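Visitor: just a sequence and a predicted model for now, questions to come.
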Amino acid sequence: MKDYYKILEITDDEKKLNNEEFASVCKKKYHSLALKLHPDRWANSSEKEKKEAEEKFKDVAEAYEVLSDPQKRAQYDSGGMDFDFGGFDPMDIFRRMSGMGGGFGNDPFASVFGGGQRVNKGSDIHVEVTLTLEECYKGGKKSVQVQKQKECSHCNGTGSSDGRTHVCPVCKGSGMESEMKQFGRGQFSVMSHPCSKCHGTGKDTSYTRCKHCNGSGLSYEYVTEQIDIPRGIDNGMAFRGEGKGNAAERNGINGDLIVHVKVAKDNYFERPDTLNLIHYESVPFAEALLGFKKEFKCIDGSKVTVNAHELTKPGEAFIFKGKGMPDVMGSGRIGDYAVVINYELPNKLTNKQKEILKKFYE
(Lines give C-alpha, C1' and ligand atoms only; values in the text may rest on other atoms or scores of the structure.)
Protein backbone atom coordinates (compact mmCIF):
# COMPACT_ATOMS: atom_id res chain seq x y z
CA MET A 1 0.00 0.00 0.00
CA LYS A 2 1.50 3.30 -1.10
CA ASP A 3 1.93 5.96 1.58
CA TYR A 4 0.35 8.92 -0.23
CA TYR A 5 1.08 11.27 2.67
CA LYS A 6 4.76 10.40 2.48
CA ILE A 7 4.80 10.70 -1.32
CA LEU A 8 3.34 14.23 -1.11
CA GLU A 9 5.59 15.02 1.87
CA ILE A 10 2.61 15.81 4.11
CA THR A 11 3.61 16.13 7.79
CA ASP A 12 1.61 14.81 10.76
CA ASP A 13 0.66 18.36 11.75
CA GLU A 14 -0.58 19.10 8.22
CA LYS A 15 -2.80 15.99 8.34
CA LYS A 16 -4.76 17.63 11.20
CA LEU A 17 -5.69 20.76 9.19
CA ASN A 18 -9.29 21.39 8.19
CA ASN A 19 -10.37 20.44 4.66
CA GLU A 20 -9.83 23.87 3.13
CA GLU A 21 -6.37 24.38 4.64
CA PHE A 22 -5.36 20.79 3.85
CA ALA A 23 -6.44 21.23 0.21
CA SER A 24 -4.23 24.32 -0.04
CA VAL A 25 -1.26 22.43 1.41
CA CYS A 26 -1.88 19.53 -0.99
CA LYS A 27 -1.87 21.85 -3.97
CA LYS A 28 1.39 23.51 -2.92
CA LYS A 29 3.08 20.17 -2.27
CA TYR A 30 1.93 18.82 -5.62
CA HIS A 31 3.07 22.02 -7.32
CA SER A 32 6.58 21.75 -5.86
CA LEU A 33 7.05 18.04 -6.60
CA ALA A 34 5.52 18.14 -10.09
CA LEU A 35 7.81 21.03 -10.96
CA LYS A 36 10.80 18.94 -9.88
CA LEU A 37 9.73 15.68 -11.54
CA HIS A 38 8.18 16.93 -14.78
CA PRO A 39 9.44 14.79 -17.72
CA ASP A 40 10.81 17.81 -19.61
CA ARG A 41 13.24 18.49 -16.77
CA TRP A 42 14.73 15.01 -17.27
CA ALA A 43 14.82 15.05 -21.07
CA ASN A 44 18.63 15.04 -21.19
CA SER A 45 19.13 12.50 -18.39
CA SER A 46 19.92 8.79 -18.64
CA GLU A 47 17.14 6.33 -19.43
CA LYS A 48 17.29 5.02 -15.84
CA GLU A 49 16.93 8.54 -14.37
CA LYS A 50 14.08 9.40 -16.74
CA LYS A 51 12.23 6.20 -15.80
CA GLU A 52 12.64 6.85 -12.06
CA ALA A 53 11.41 10.46 -12.43
CA GLU A 54 8.45 9.26 -14.52
CA GLU A 55 7.40 6.74 -11.84
CA LYS A 56 7.70 9.34 -9.06
CA PHE A 57 5.75 11.87 -11.16
CA LYS A 58 2.95 9.32 -11.53
CA ASP A 59 2.96 8.51 -7.79
CA VAL A 60 2.73 12.22 -6.92
CA ALA A 61 -0.21 12.66 -9.29
CA GLU A 62 -2.00 9.62 -7.82
CA ALA A 63 -1.37 10.85 -4.27
CA TYR A 64 -2.77 14.28 -5.10
CA GLU A 65 -5.80 12.77 -6.89
CA VAL A 66 -6.69 10.83 -3.71
CA LEU A 67 -5.76 13.23 -0.91
CA SER A 68 -7.19 16.37 -2.54
CA ASP A 69 -10.64 14.74 -2.67
CA PRO A 70 -12.16 14.62 0.88
CA GLN A 71 -14.25 11.53 0.05
CA LYS A 72 -11.33 9.59 -1.47
CA ARG A 73 -9.08 10.69 1.36
CA ALA A 74 -11.53 9.41 3.96
CA GLN A 75 -11.72 6.09 2.10
CA TYR A 76 -7.92 5.91 1.96
CA ASP A 77 -7.58 6.73 5.69
CA SER A 78 -10.00 3.94 6.56
CA GLY A 79 -7.82 1.43 4.73
CA GLY A 80 -9.87 1.27 1.57
CA MET A 81 -7.84 1.20 -1.65
CA ASP A 82 -10.56 0.76 -4.27
CA PHE A 83 -9.13 3.45 -6.54
CA ASP A 84 -9.12 2.70 -10.26
CA PHE A 85 -6.00 4.16 -11.87
CA GLY A 86 -6.33 2.11 -15.02
CA GLY A 87 -5.50 4.35 -17.98
CA PHE A 88 -4.65 7.13 -15.54
CA ASP A 89 -2.59 9.89 -17.17
CA PRO A 90 -0.64 11.93 -14.56
CA MET A 91 -0.35 14.75 -17.09
CA ASP A 92 -4.13 15.31 -16.90
CA ILE A 93 -3.79 16.83 -13.43
CA PHE A 94 -0.80 18.80 -14.58
CA ARG A 95 -2.65 20.31 -17.54
CA ARG A 96 -5.75 20.92 -15.44
CA MET A 97 -3.83 22.91 -12.85
CA SER A 98 -1.57 24.99 -15.09
CA GLY A 99 -3.41 27.82 -16.71
CA MET A 100 -6.57 25.99 -17.85
CA GLY A 101 -9.14 27.31 -15.50
CA GLY A 102 -8.40 28.28 -11.93
CA GLY A 103 -5.27 26.27 -11.28
CA PHE A 104 -2.15 27.98 -10.03
CA GLY A 105 -2.84 31.18 -12.00
CA ASN A 106 0.30 33.22 -12.54
CA ASP A 107 2.58 31.39 -10.13
CA PRO A 108 5.93 29.95 -11.30
CA PHE A 109 4.27 26.66 -12.28
CA ALA A 110 2.50 28.29 -15.20
CA SER A 111 5.43 30.48 -16.21
CA VAL A 112 7.98 27.67 -16.17
CA PHE A 113 5.88 25.20 -18.09
CA GLY A 114 4.24 27.71 -20.42
CA GLY A 115 0.65 26.96 -19.50
CA GLY A 116 1.10 23.19 -19.27
CA GLN A 117 2.80 22.71 -22.63
CA ARG A 118 6.57 22.28 -22.23
CA VAL A 119 9.43 23.53 -20.12
CA ASN A 120 11.10 26.70 -21.35
CA LYS A 121 14.71 25.60 -20.95
CA GLY A 122 17.92 27.44 -21.76
CA SER A 123 20.46 25.94 -24.15
CA ASP A 124 23.37 23.79 -23.01
CA ILE A 125 26.95 25.07 -22.96
CA HIS A 126 29.82 22.81 -24.07
CA VAL A 127 33.28 23.35 -22.61
CA GLU A 128 36.54 21.38 -22.70
CA VAL A 129 38.70 21.04 -19.60
CA THR A 130 42.19 19.57 -19.32
CA LEU A 131 42.78 17.47 -16.21
CA THR A 132 45.85 15.86 -14.74
CA LEU A 133 45.79 12.13 -14.04
CA GLU A 134 45.84 12.95 -10.33
CA GLU A 135 42.72 15.14 -10.72
CA CYS A 136 41.03 12.24 -12.51
CA TYR A 137 41.94 9.95 -9.60
CA LYS A 138 40.83 12.29 -6.82
CA GLY A 139 37.81 13.95 -8.46
CA GLY A 140 36.52 17.00 -6.60
CA LYS A 141 35.83 20.57 -7.59
CA LYS A 142 37.43 22.64 -10.33
CA SER A 143 36.77 26.16 -11.58
CA VAL A 144 36.10 26.79 -15.28
CA GLN A 145 35.37 30.06 -17.02
CA VAL A 146 32.49 30.04 -19.50
CA GLN A 147 30.56 32.60 -21.48
CA LYS A 148 26.91 32.12 -20.66
CA GLN A 149 23.56 33.71 -21.11
CA LYS A 150 22.32 35.20 -17.85
CA GLU A 151 19.52 37.42 -16.66
CA CYS A 152 20.19 40.94 -17.95
CA SER A 153 21.40 43.05 -15.03
CA HIS A 154 20.06 46.28 -16.56
CA CYS A 155 16.42 45.20 -16.69
CA ASN A 156 16.47 42.42 -14.06
CA GLY A 157 15.53 39.91 -16.75
CA THR A 158 12.21 41.61 -17.57
CA GLY A 159 13.26 42.79 -21.04
CA SER A 160 11.68 46.21 -20.43
CA SER A 161 13.50 49.53 -20.17
CA ASP A 162 11.85 50.32 -16.83
CA GLY A 163 12.92 47.00 -15.28
CA ARG A 164 9.35 45.92 -14.58
CA THR A 165 7.46 42.83 -15.73
CA HIS A 166 4.72 43.63 -18.26
CA VAL A 167 2.31 40.71 -18.38
CA CYS A 168 0.12 40.08 -21.40
CA PRO A 169 -3.43 41.21 -20.44
CA VAL A 170 -5.03 38.40 -22.45
CA CYS A 171 -3.24 35.26 -21.21
CA LYS A 172 -2.09 36.74 -17.87
CA GLY A 173 1.49 35.71 -18.58
CA SER A 174 0.89 32.00 -19.28
CA GLY A 175 1.47 32.34 -23.04
CA MET A 176 -1.63 30.22 -23.71
CA GLU A 177 -5.29 30.89 -24.36
CA SER A 178 -8.04 28.41 -23.55
CA GLU A 179 -11.51 28.20 -24.99
CA MET A 180 -14.46 25.88 -24.48
CA LYS A 181 -15.71 24.06 -27.58
CA GLN A 182 -18.79 21.91 -27.90
CA PHE A 183 -18.63 18.54 -29.63
CA GLY A 184 -22.07 17.00 -29.99
CA ARG A 185 -24.94 17.38 -27.60
CA GLY A 186 -23.80 18.30 -24.09
CA GLN A 187 -20.14 17.42 -24.77
CA PHE A 188 -17.57 20.13 -24.17
CA SER A 189 -13.80 20.20 -24.36
CA VAL A 190 -11.22 22.79 -23.31
CA MET A 191 -8.90 23.65 -26.22
CA SER A 192 -5.62 25.46 -25.65
CA HIS A 193 -3.42 27.35 -28.12
CA PRO A 194 -0.66 30.02 -28.06
CA CYS A 195 -1.95 33.43 -27.08
CA SER A 196 -2.98 35.49 -30.13
CA LYS A 197 -1.97 38.74 -28.40
CA CYS A 198 1.61 37.91 -27.29
CA HIS A 199 2.23 34.89 -29.58
CA GLY A 200 3.07 32.68 -26.63
CA THR A 201 5.63 34.95 -24.94
CA GLY A 202 3.37 35.85 -22.00
CA LYS A 203 4.51 39.47 -22.24
CA ASP A 204 2.77 42.71 -23.10
CA THR A 205 4.65 43.77 -26.24
CA SER A 206 3.64 47.42 -25.98
CA TYR A 207 6.40 48.31 -23.48
CA THR A 208 9.76 49.90 -24.43
CA ARG A 209 12.42 47.22 -24.76
CA CYS A 210 15.65 47.23 -22.79
CA LYS A 211 18.36 48.44 -25.17
CA HIS A 212 21.03 46.28 -23.57
CA CYS A 213 19.32 42.92 -24.24
CA ASN A 214 16.88 44.02 -26.98
CA GLY A 215 13.95 42.89 -24.87
CA SER A 216 15.07 39.28 -24.41
CA GLY A 217 15.87 39.77 -20.70
CA LEU A 218 19.16 37.94 -21.25
CA SER A 219 22.75 39.00 -21.79
CA TYR A 220 26.09 37.23 -22.22
CA GLU A 221 28.71 37.33 -19.49
CA TYR A 222 31.92 35.51 -18.62
CA VAL A 223 31.41 33.67 -15.35
CA THR A 224 33.40 31.19 -13.28
CA GLU A 225 31.57 27.96 -12.58
CA GLN A 226 32.48 25.28 -10.05
CA ILE A 227 32.22 21.80 -11.55
CA ASP A 228 32.29 18.46 -9.73
CA ILE A 229 34.77 16.10 -11.40
CA PRO A 230 33.65 12.46 -11.13
CA ARG A 231 36.37 10.19 -9.70
CA GLY A 232 37.88 7.95 -12.37
CA ILE A 233 36.91 10.16 -15.33
CA ASP A 234 38.95 9.36 -18.44
CA ASN A 235 40.12 11.10 -21.58
CA GLY A 236 37.31 11.66 -24.11
CA MET A 237 34.51 11.31 -21.55
CA ALA A 238 31.98 14.04 -20.77
CA PHE A 239 29.80 14.84 -17.78
CA ARG A 240 26.92 17.21 -17.10
CA GLY A 241 26.60 20.11 -14.66
CA GLU A 242 22.84 20.49 -14.30
CA GLY A 243 21.51 24.03 -14.32
CA LYS A 244 24.89 25.60 -15.10
CA GLY A 245 24.07 26.35 -18.75
CA ASN A 246 22.37 29.30 -20.41
CA ALA A 247 19.39 30.96 -18.78
CA ALA A 248 15.98 30.76 -20.48
CA GLU A 249 13.49 33.47 -21.26
CA ARG A 250 10.29 33.90 -19.24
CA ASN A 251 11.69 32.54 -15.97
CA GLY A 252 12.44 29.15 -17.48
CA ILE A 253 15.03 26.71 -16.16
CA ASN A 254 18.71 26.94 -17.02
CA GLY A 255 20.32 24.63 -19.52
CA ASP A 256 23.22 22.39 -18.53
CA LEU A 257 26.99 22.67 -18.75
CA ILE A 258 28.44 19.76 -20.74
CA VAL A 259 32.08 19.26 -19.74
CA HIS A 260 34.30 17.38 -22.20
CA VAL A 261 37.44 15.93 -20.61
CA LYS A 262 40.95 15.92 -21.97
CA VAL A 263 43.61 14.27 -19.80
CA ALA A 264 47.15 15.65 -19.93
CA LYS A 265 50.01 13.21 -20.53
CA ASP A 266 51.59 12.00 -17.29
CA ASN A 267 55.37 11.55 -17.18
CA TYR A 268 55.30 8.68 -14.69
CA PHE A 269 52.09 6.68 -15.22
CA GLU A 270 50.47 5.32 -18.35
CA ARG A 271 46.77 4.48 -18.45
CA PRO A 272 46.14 1.62 -20.90
CA ASP A 273 42.43 1.54 -20.07
CA THR A 274 39.97 3.27 -17.75
CA LEU A 275 40.84 1.29 -14.60
CA ASN A 276 44.51 0.23 -14.78
CA LEU A 277 47.84 2.03 -14.56
CA ILE A 278 51.39 1.11 -15.65
CA HIS A 279 54.80 2.50 -14.74
CA TYR A 280 57.75 1.49 -16.93
CA GLU A 281 61.09 1.37 -15.07
CA SER A 282 64.45 0.99 -16.78
CA VAL A 283 67.17 -0.49 -14.54
CA PRO A 284 70.90 -1.03 -15.15
CA PHE A 285 71.80 -4.33 -16.78
CA ALA A 286 73.64 -5.45 -13.65
CA GLU A 287 70.51 -4.99 -11.50
CA ALA A 288 68.49 -7.05 -13.94
CA LEU A 289 71.08 -9.81 -13.64
CA LEU A 290 71.60 -9.67 -9.90
CA GLY A 291 68.13 -8.59 -8.73
CA PHE A 292 67.14 -5.47 -6.79
CA LYS A 293 64.70 -3.98 -4.30
CA LYS A 294 63.07 -0.61 -5.09
CA GLU A 295 60.11 1.52 -4.05
CA PHE A 296 57.71 3.02 -6.58
CA LYS A 297 55.04 5.69 -6.07
CA CYS A 298 51.33 5.05 -6.58
CA ILE A 299 48.64 7.42 -7.87
CA ASP A 300 47.08 7.56 -4.37
CA GLY A 301 50.34 8.93 -2.88
CA SER A 302 51.45 5.68 -1.24
CA LYS A 303 54.43 3.54 -2.27
CA VAL A 304 54.89 -0.10 -3.24
CA THR A 305 58.04 -2.21 -3.11
CA VAL A 306 59.34 -4.36 -5.95
CA ASN A 307 61.62 -7.25 -4.96
CA ALA A 308 63.05 -8.29 -8.31
CA HIS A 309 64.73 -11.67 -8.45
CA GLU A 310 67.98 -12.48 -10.26
CA LEU A 311 67.87 -12.62 -14.05
CA THR A 312 64.78 -10.42 -14.32
CA LYS A 313 63.52 -10.66 -17.89
CA PRO A 314 62.79 -7.50 -19.91
CA GLY A 315 59.10 -6.64 -19.77
CA GLU A 316 58.47 -8.54 -16.54
CA ALA A 317 55.55 -7.00 -14.63
CA PHE A 318 54.90 -6.74 -10.89
CA ILE A 319 51.17 -6.33 -10.24
CA PHE A 320 49.67 -4.48 -7.26
CA LYS A 321 45.94 -5.05 -6.85
CA GLY A 322 43.65 -2.11 -6.05
CA LYS A 323 46.33 0.52 -6.73
CA GLY A 324 44.89 1.73 -10.04
CA MET A 325 42.04 4.10 -10.92
CA PRO A 326 38.53 4.11 -9.39
CA ASP A 327 35.53 3.11 -11.49
CA VAL A 328 33.91 6.27 -12.83
CA MET A 329 30.50 4.56 -12.63
CA GLY A 330 30.76 4.58 -8.83
CA SER A 331 30.76 0.81 -8.34
CA GLY A 332 33.57 1.07 -5.77
CA ARG A 333 35.86 -1.05 -7.89
CA ILE A 334 39.51 0.07 -8.22
CA GLY A 335 41.85 -1.11 -10.96
CA ASP A 336 45.39 -2.50 -10.67
CA TYR A 337 48.86 -1.00 -10.96
CA ALA A 338 51.71 -2.70 -12.84
CA VAL A 339 55.41 -1.86 -12.56
CA VAL A 340 57.07 -3.16 -15.74
CA ILE A 341 60.84 -3.68 -15.70
CA ASN A 342 63.14 -3.10 -18.63
CA TYR A 343 66.91 -2.87 -18.47
CA GLU A 344 69.49 -0.63 -20.05
CA LEU A 345 72.45 -2.06 -21.89
CA PRO A 346 75.69 -0.14 -21.41
CA ASN A 347 76.85 1.94 -24.35
CA LYS A 348 80.39 0.54 -24.10
CA LEU A 349 82.20 -2.27 -22.27
CA THR A 350 85.69 -2.01 -20.77
CA ASN A 351 88.22 -4.76 -21.33
CA LYS A 352 87.81 -5.87 -17.73
CA GLN A 353 84.02 -6.11 -18.12
CA LYS A 354 84.45 -8.17 -21.27
CA GLU A 355 86.77 -10.51 -19.43
CA ILE A 356 84.31 -11.01 -16.57
CA LEU A 357 81.43 -11.67 -18.97
CA LYS A 358 83.42 -14.20 -20.94
CA LYS A 359 84.32 -16.09 -17.76
CA PHE A 360 80.69 -15.91 -16.61
CA TYR A 361 79.33 -17.48 -19.78
CA GLU A 362 82.13 -20.09 -19.90
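Guide: Everything's here; your move.
Visitor: how far away is Arg271 from Lys294?
Guide: Distance from Arg271 to Lys294, counting by CB to CB, to the nearest Å: 22 Å. Backbone N, C-alpha and C define where each C-beta goes, glycine included.
Visitor: more neighbours: those two, which one.
Guide: Arg271 (20 against 15; other CB atoms under 10 Å).
Visitor: ramachandran angles for the nearest residue to the more buried one once chain neighbours are set aside?
Guide: Among residues not flanking Arg271 along the chain, Leu277 sits closest, at 5.8 Å (CB to CB, 6 or more residues apart in numbering). Here is the backbone geometry of Leu277 (degrees, to the nearest 10): phi -130, psi 150.
Visitor: is it true that Leu277 touches Lys323?
Guide: Yes: between Leu277 and Lys323 there is a contact under CB atoms under 8 Å: 7.5 Å.
Visitor: residues in contact with Leu131?
Guide: Counting by CB atoms under 8 Å, 6 or more residues apart in numbering, Leu131 touches Lys142, Ile229, Ile233, Val261, Lys262, Val263, Ala264.
Visitor: please identify, among those, the one with the most neighbours.
Guide: Busiest of the contacts of Leu131 [other CB under 10 Å] is Ile233, holding 23 neighbours.
Visitor: distance of it relative to Phe296?
Guide: From Ile233 over to Phe296 the distance is 24 Å, taken as CB to CB.
Visitor: can you give me the helices for the stretch 151-300 of the chain?
Guide: 285-290 (DSSP state H, counting those that start in this stretch).
Visitor: so, low pLDDT: which residues of it?
Guide: Low-confidence regions of the stretch 151-300 of the chain, defined here as pLDDT under 70, cover residues 179-192, 205, 249-251.
Visitor: wait, Gln226 sits on Lys141?
Guide: Yes: taking CB under 8 Å as the contact criterion, Gln226 and Lys141 are neighbours in contact, 5.3 Å apart.
Visitor: please report phi then psi for the residue minimising distance to the centre of the chain.
Guide: Ranked by distance to the mean C-alpha position of the chain (CA atoms, centre = their mean), the top residue is Glu242 at 4.3 Å. Reported as degrees, to the nearest 10, the phi and psi values for Glu242 are phi -70, psi 130.
Visitor: chain neighbours aside, what residue packs nearest to it?
Guide: The shortest distance from Glu242 to any residue that is not its chain neighbour, by CB to CB, 6+ apart, is 5.3 Å, and that residue is Asp256.
Visitor: what sits against that neighbour?
Guide: With contact set as CB under 8 Å, 6+ apart, Asp256 has these partners: Asn44, Asp124, Ile125, Arg240, Gly241, Glu242, Gly243, Lys244, Gly245.
Visitor: please enumerate the helices of the stretch 1-150 of the chain.
Guide: Per DSSP H, counting those that start in this stretch, the stretch 1-150 of the chain carries helices over the ranges 4-7, 12-15, 19-37, 47-67, 70-77, 90-97, 108-113, 133-138.
Visitor: ranking those helices by mean pLDDT, which is last?
Guide: In terms of mean pLDDT, the lowest-scoring of those is helix 108-113 (a mean of 36).
Visitor: Glu355 in helix, strand or coil?
Guide: Following DSSP: H, G, I helix; E, B strand; the rest coil, we place Glu355 in the helix state.
Visitor: burial of it, as a residue count?
Guide: Per other CB under 10 Å, the neighbour tally for Glu355 reads 11.
Visitor: for Cys210, what are phi and psi?
Guide: In terms of degrees, to the nearest 10, the main-chain angles of Cys210 are phi -70, psi 130.
Visitor: against Phe320, how distant is the residue nearest to the centre of the chain?
Guide: To Phe320, Glu242 is 37 Å away according to CB to CB.
Visitor: what's the answer for Lys359, then?
Guide: When distance is defined by CB to CB, Lys359 is 38 Å away from Phe320.
Visitor: who's more crowded, those two?
Guide: It is Phe320, of Lys359 and Phe320, that has more neighbours when counted by other CB under 10 Å, with 17 against 8.
Visitor: just checking, the more buried one touches Cys298?
Guide: Yes: Phe320 lies in contact with Cys298 (CB under 8 Å); the separation is 7.3 Å.
Visitor: which neighbours do the two have in common?
Guide: Val304, Tyr337.
Visitor: residues contacting Glu47?
Guide: Residues near Glu47 by CB under 8 Å, 6+ apart: none.
Visitor: quick one: the strands in the stretch 151-300 of the chain, in order.
Guide: Per DSSP state E, counting those that start in this stretch, the stretch 151-300 of the chain carries strands over the ranges 176-182, 188-194, 218-229, 238-241, 257-263, 277-284, 292-297.
Visitor: nearest to Lys2, out of those?
Guide: Proximity to Lys2, assessed across the strands of the stretch 151-300 of the chain by CB to CB, is greatest for strand 188-194 (29.7 Å).
Visitor: just among the contacts of Asp256, which is most surrounded?
Guide: In the contacts of Asp256, the most neighbours by other CB under 10 Å go to Gly245, 25 neighbours.
Visitor: isn't Val259 right up against Thr130?
Guide: No: taking contacts as CB under 8 Å, Val259 lies outside contact range of Thr130: 11.1 Å.
Visitor: more neighbours: those two, which one.
Guide: Under the criterion of other CB under 10 Å, the comparison of Val259 against Thr130 puts Val259 first, with 26 against 10.
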